[in-house]
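Student: coordinates only, sequence not included:
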Ligand SMILES: Cc1cc2nc3c(=O)[nH]c(=O)nc-3n(C[C@H](O)[C@H](O)[C@H](O)COP(=O)(O)OP(=O)(O)OC[C@H]3O[C@@H](n4cnc5c(N)ncnc54)[C@H](O)[C@@H]3O)c2cc1C
C-alpha cells in the first residue's frame, strides 16, 4: 500500500487549493483586515472592496472558466470563506450571497443565454447579486412563501410580494437595489398547500422592483447590507425564468447544501482567529505573578477550543471534498457540519472573550465582533433547529449512513 495518502492535507488537498488559500490570505491581510473594525462600527458595506474580490478572480469561484469564473470546487469555496471570515465575516456574508447563492446557482441551473449574459458581470464584480427566499412571515417554513407570480398573455410574468433579510438586497446607504436577484416565487400550490416554486432572475430597472427598507441595528454581520425587497406588479420577461415553472424546489435545496457548507466554513475562520487571539493573550497577560495560561480554568478554554476547532475544520473540509456541485445528496452532512461548526465558532469566540477579560469585550481586540458575527451562522441559511430536524429525518430514511 502506498503511503501518499498520509500526505493529504484535507484543507489544502491540491497545489491549486493551497495557492488559492495563500493568495486570499495575503489579500485579506493587506486589504480586508485594515477596514473591518470601521465598517462593522459604521454598519457599512464596503462595495469598493467587494468589487476588488472580482479583480482577485474569486467572485464566482465555482463558475466555469468560460463565463469568467474560477472553475473550482466546493473546497475552494470553503477556503475562501474561511480566509475572509478570519478577518471580516460580514464582508464574507456579502461574498457568500453573491458567489454561492446566485453565481453558483445560475452556473448550474441557468439557460445558456442567462449564463452568457449575466455570469461575466457577476464574476467581474460589475454587478452585485443576491438571493431572495425568506419572507417577513416565512423563513424555515419556506414552502409557505406568499410572494407569487402569474404569467401574462404575452409570456412575461407579474410578481407580487415581499422578501425579507436579503443580504446584498441593497448595495449602498441610499437604498439602491442589487443589480440582480435570484428570486423564488410561488407559481402554484400542491395538494398539501405547499408552494410550487419558480425561480426568476430580476434585474435592477425592471418595473416594480425596489428596496423596502435597509435593515439597521443588526447584532453582527454589520459590514454586510441586509434589506427587505418589494415586488409590486414587477414585470419579468419569460427569458428570465430559470428552468421549467414550478420545478425549482430541487435546485433550491441543492444550493442550500453549498450555502450550509459555506456558512460552516466561515465558522472555521472565526474559530481560528479567536483561538489565535486567546492563545497569544494567555501568554502575554500575567495575574498573581504568572501567565494566565498557567491557570487550569484558562487551560480548559484553550484546550476545548483547540479540539473543537480541529474537529470542525476536519468535518468542513471532508464534507467539501464530497460535495459535487452539480448534484444534490449531501444534506445529511451539510446540515451536520453547519449544526456543529457554527455553534463551535460561537463558543470559541465566547471563550476568547472570557480569556481576554475586559479587553476581549471591546472592538479593538476583534473577538467580540467575531462572537456577534458567529451568532448569525446559527440562524441564516437554516436554523440549528432546522438542521436537527433534517438530520433526524434523513437518518430515519437512511440509517445505514451511520455505518458507512
Ligand atoms: C443577517 C441575515 C441575513 C440573511 N440573508 C438572507 C438572504 O440573503 N436570503 C434569504 O432568503 N434569507 C436570508 N436570511 C433569512 C434567514 O435564512 C432566516 O432568518 C432563517 O431561515 C430563519 O427564518 P426566520 O427568521 O423567519 O425564523 P423562523 O423560521 O420563523 O424561526 C423562528 C424560530 O422557530 C424555530 N422553528 C421554525 N420551524 C421549526 C420547526 N419545524 N421545528 C422546530 N423549530 C422550528 C426556528 O428554528 C427558530 O428558532 C438572512 C437572515 C439574517 C438575520
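Tutor: Received the coordinates, thanks. Values in this document were obtained by computation on a predicted structure and should not be read as measured data.

Student: Tell me the buried residues in the helix or strand where residue 19 lies?
Tutor: Using DSSP states H and E, residue 19 maps to helix 15-27. Buried residues in helix 15-27, counted by 16 or more other C-beta atoms under 10 Å: 17, 20, 21, 23, 24, 25, 27. Placement of C-beta: from N, CA and C, glycine included.

Student: Just to be sure, residue 183 is in a strand?
Tutor: Yes. Membership of residue 183 in a strand is supported by DSSP: H, G, I helix; E, B strand; the rest coil.

Student: burial of it, as a residue count?
Tutor: 27 (other C-beta atoms under 10 Å).

Student: how many other residues sit next to the one residue in the stretch 1-150 of the chain that gets nearest to the ligand?
Tutor: Using C-beta to the nearest ligand atom, the closest approach of the stretch 1-150 of the chain to the ligand is made by residue 139 at 1.9 Å. Residue 139 has 18 neighbouring residues, counting by other C-beta under 10 Å.

Student: rewinding a little: pull the distance from the very next helix or strand once past the helix holding residue 19 to the chain's centre.
Tutor: Downstream of helix 15-27, the next assigned helix or strand under DSSP H and E is helix 33-41. Relative to its chain's centre, helix 33-41 lies at 19 Å (C-alpha atoms, centre = their mean, to the nearest Å).

Student: May I see the buried residues of helix 15-27 organised as TSV, with pLDDT and distance to the ligand added?
Tutor: Shown next, in TSV, are these (pLDDT from 0 to 100; distance: C-beta to the nearest ligand atom, whole Å):
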residue	pLDDT	distance to the ligand
17	98	27
20	98	24
21	98	26
23	98	26
24	98	22
25	98	25
27	98	24
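
Student: Now the two most distant members of these.
Tutor: Greatest spatial distance in the buried residues of helix 15-27: 17 and 27, 15.8 Å, computed using C-beta to C-beta.

Student: what's the spacing between the helix or strand that contains residue 385 and its chain's center?
Tutor: If you go by DSSP H and E, residue 385 is part of helix 384-397. How far helix 384-397 lies from its chain's middle: 21 Å, per C-alpha atoms, centre = their mean.

Student: and the chain, which of its residues are near the ligand?
Tutor: Proximity of the chain to the ligand, by C-beta under 6 Å from any ligand atom, involves residues 97, 130-134, 139-141, 165-167, 218, 221, 226, 376, 379-383, 385-386, 389.

Student: Tell me what the closest residue to residue 202 other than its chain neighbours is bridged to.
Tutor: Excluding its sequence neighbours, the residue lying closest to residue 202 (C-beta to C-beta, 6 or more residues apart in numbering) is residue 181, at 4.3 Å. Listed beta-bridge partners, residue 181: residue 130, residue 202 (assigned using DSSP bridges).

Student: May I have the residues that are in contact with residue 181?
Tutor: Taking C-beta atoms under 8 Å, 6 or more residues apart in numbering as the contact definition, residue 181 lies against 102, 129-132, 166, 169, 200-203, 209, 229.

Student: in the stretch 201-350 of the chain, which spans are strands?
Tutor: Shown for the stretch 201-350 of the chain, the strands assigned by DSSP state E, counting those that start in this stretch span residues 209-214, 226-236, 241-242, 286-287, 290-291.

Student: I'd like those strands laid out as CSV, including mean neighbour count and mean pLDDT.
Tutor: Below are the strands of the stretch 201-350 of the chain laid out as CSV (neighbours: other C-beta atoms under 10 Å; pLDDT from 0 to 100):
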stretch, mean neighbour count, mean pLDDT
strand 209-214, 18, 97
strand 226-236, 21, 98
strand 241-242, 22, 98
strand 286-287, 11, 98
strand 290-291, 12, 98
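
Student: closest to residue 259 out of those?
Tutor: Ranking these by their distance to residue 259 (criterion: C-beta to C-beta) puts strand 226-236 first, at 15.5 Å.

Student: if we look at the closest one, which residues are touching it?
Tutor: 132, 136, 147, 149, 156-167, 169-170, 175, 177, 181, 183, 185, 200-202, 206-215, 218.

Student: same deal with stretch 273-284?
Tutor: 85-87, 291-293, 298, 301-302, 305-306, 309, 345, 348-349, 351-352, 355-356, 359-360, 365-367, 370-371.

Student: Report the buried residues of it.
Tutor: So for stretch 273-284, counting by 16+ other C-beta under 10 Å, buried means 273, 274, 275, 277, 278, 279, 281, 282.

Student: Tell me the spacing between the first one and residue 293.
Tutor: Using C-beta to C-beta, to the nearest Å, residue 273 is found at 18 Å from residue 293.

Student: Which pLDDT value goes with the closest residue to residue 291 other than its chain neighbours?
Tutor: Spatial nearest neighbour of residue 291, chain neighbours left out: residue 283 (5.6 Å); criterion: C-beta to C-beta, 6+ apart. The model reports residue 283 with a pLDDT of 98.

Student: What mean pLDDT does stretch 358-376 get?
Tutor: Stretch 358-376 shows a mean pLDDT of 98.

Student: Endpoint to endpoint, it covers what distance?
Tutor: 23 Å (C-alpha to C-alpha, to the nearest Å).

Student: So which bits of it are buried?
Tutor: 360, 365-376.

Student: residues touching residue 337, list them.
Tutor: Contacts of residue 337 (C-beta under 8 Å, 6+ apart): 260, 261, 264, 312, 315, 316, 319.

Student: where does the stretch 201-350 of the chain have low pLDDT?
Tutor: Along the stretch 201-350 of the chain, no part satisfies pLDDT under 70.

Student: Which of the contacts of residue 337 fall in helices?
Tutor: Under the assignment DSSP state H, the contacts of residue 337 contribute 260, 261, 264, 312, 315, 316, 319 to helices.

Student: between these, which is closest to the ligand?
Tutor: Among these, and counting by C-beta to the nearest ligand atom, the member closest to the ligand is residue 260, at 10.8 Å.
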